[in-house]
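Enquirer: One predicted model, sequence on top.
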Amino acid sequence: MRYFIHMAYDGTGYCGWQVQLNAKTVQGKLNIALSTLLSEHISTGGCGRTDTGVHATDFYAHFTTEKVIDEKFAFRLNSILPMDITVFRVFQVGDRANTRFDATSRTYEYYINADKNPFLRHYSTQIYAKGINWDLMNDAAALLPTFTDFTTLCRPSEDFKTNICNVTEARWEKVFKPAIAGFKQDEFMRFTITSNRFLRGMVRKIVGVHLHIGRGRFSIEDYKRIVEAKEELPFAVSSPPQGLYLVKVRYPYLD
């Protein structure tokens, strides 16, 4: 039987989702926990491959077993998983259901804060924000749904046969979160992007390019021309991982 796991994790202490040799990964911890509970070798698949230090508040994994899993299984799984990984529920799906290939869209958010706050250092990226033109960055974001090939805005990878993506949403906006440990209410700039698929390092590279545009170091015109021509950027850029979150994965058969 095929099961989906709906889960979330703090990626700070992990070398990403995917199992790697001699590295601590979220998938590795999940595989060990499932194998322990079910007394058989379990290998999971995931809806994405988040990088080192990247977080997920809405993540799906799948696995197959001949054993029947009851409603208390999620509780037992949480009891042996590390505190930085949580499982919301485990539920049966069709035998061919796949968390990666069945997903119709994914949404990422990236958080930027201007004030130094030690409690945010693993969960948002601090930058010197004075003088940044956020309206110009929103103009750059508005162009993303008009692009089809994102070769310029990703890292090279042999995992993908094509760099075609269908971005349906992209925007920058100011958001606030409650004060932490006596600090004043935190103000963030949040980048939100939704697409049917994402390429390696795509969101972090887009954020980095947009910050160059907002600082006046790169023009909207050059940005549009280079991306449409699938050329390399004239500078190396990738924003830090800790500000990035996978926040929504959609499936045609799930609410």
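Expert: Looks like it arrived, so ask away.

Enquirer: Now do the buried residues in stretch 217-233.
Expert: F218, Y223, I226, V227, L233 (16 or more other Cβ atoms under 10 Å). Every C-beta, even on glycine, is put in place using the N, C-alpha and C of the backbone.

Enquirer: Which strand or helix spans the fourth one?
Expert: Put plainly, it is V227. Remark: V227 resides in helix 220-228, with elements defined by DSSP states H and E.

Enquirer: For the next helix or strand after that helix, name the packing helices and strands.
Expert: Note on helix 220-228: by DSSP H and E, the next helix or strand toward the C-terminus is strand 244-250. When contacts are defined as 3 or more Cβ pairs under 8 Å, 6 or more residues apart in numbering; DSSP states H and E, strand 244-250 packs onto strand 55-64, strand 105-113, helix 202-214.

Enquirer: 7 Å - rerun?
Expert: strand 55-64, strand 105-113 (3 or more Cβ pairs under 7 Å, 6 or more residues apart in numbering; DSSP states H and E).

Enquirer: got those strands as JSON lines, with mean neighbour count columns?
Expert: Output for the helices and strands packed on strand 244-250, formatted as JSON lines (neighbours: other Cβ atoms under 10 Å):
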{"stretch": "strand 55-64", "mean neighbour count": "20"}
{"stretch": "strand 105-113", "mean neighbour count": "21"}
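
Enquirer: can you redo these as a markdown table with mean pLDDT and distance to S35?
Expert: Below are the helices and strands packed on strand 244-250 laid out as a markdown table (pLDDT from 0 to 100; distance: least, Cβ to Cβ, whole Å):
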| stretch | mean pLDDT | distance to S35 |
| --- | --- | --- |
| strand 55-64 | 98 | 10 |
| strand 105-113 | 96 | 27 |
